[in-house]
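Engineer: coords below, sequence missing:
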């Protein structure tokens with residue numbers, strides 16, 4: 001099967017695909033109302049880039065990328081917040097295409113760095129990110145407040 005991958009910006013009508021993807025990624029059912037509010041806010045924020053990968057007009061993956069000016073970098077830094085490829089389409093280069101779009105965006109906007117964090121339970125992601133050119137340079141510590 002030859003794929004015809006198209007990558008485009010996420011739009012409001014992509015909400016259901018992104019919601020289902022994030023629920024699968026997190027292995028839980030998230031509150032759809034709250035999710036919708038955050039989704040609409042994030043895709044309309046000019047500091048964010050949300051991209052969807054489609055194969056013949058069917059969503060197969062997406063990536064969300066947020067940027068901000070950080071004092072300790074003296075400039076703009078981007079962070080991949082969510083990155084999902086449908087399990088039937090993994091290993092076909094779609095993730096690499098999405099990352100390349102982020103790299104192009106970073107070059108065009110003079111970003112100092114691109115960061116990504118992965119949950120410790122997703123051990124396989126460390127190798128994936130290293131293969132995509134990321135280096136394991138930091139530790140991230142979290143306090144959950146519910």
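Structural biologist: Yep, that arrived. Since the structure is predicted, the reported quantities are computational estimates derived from the model, not experimental observations.
Engineer: for the rest of this, base every contact and every neighbour count on C-alpha atoms.
Structural biologist: Will do.
Engineer: count of neighbours near residue 40?
Structural biologist: Using other CA atoms under 10 Å, residue 40 has 13 other residues around it.
Engineer: for residue 83, give its distance to residue 143.
Structural biologist: Computed with CA to CA, to the nearest Å, the distance linking residue 83 and residue 143 is 22 Å.
Engineer: higher neighbour count, the two?
Structural biologist: With neighbours defined as other CA under 10 Å, residue 83 and residue 143 compare such that residue 83 has more, 20 against 5.
Engineer: I'd guessed that one sits against residue 64; true?
Structural biologist: Yes. Counting by CA atoms under 8 Å, residue 83 does reach residue 64; the two are 6.5 Å apart.
Engineer: contacts for stretch 11-24 next, please.
Structural biologist: Here stretch 11-24 makes contact (CA atoms under 8 Å, 6 or more residues apart in numbering) with 29-30, 32, 35-36, 39-40, 43, 59, 61-62, 82, 84, 86.
Engineer: give the buried residues for it.
Structural biologist: 15, 17, 18, 19, 21, 22 (16 or more other CA atoms under 10 Å).
Engineer: show me where this structure has strands.
Structural biologist: Using DSSP state E, the strands found in the chain span residues 5-9, 48-55, 58-70, 75-85, 113-116.
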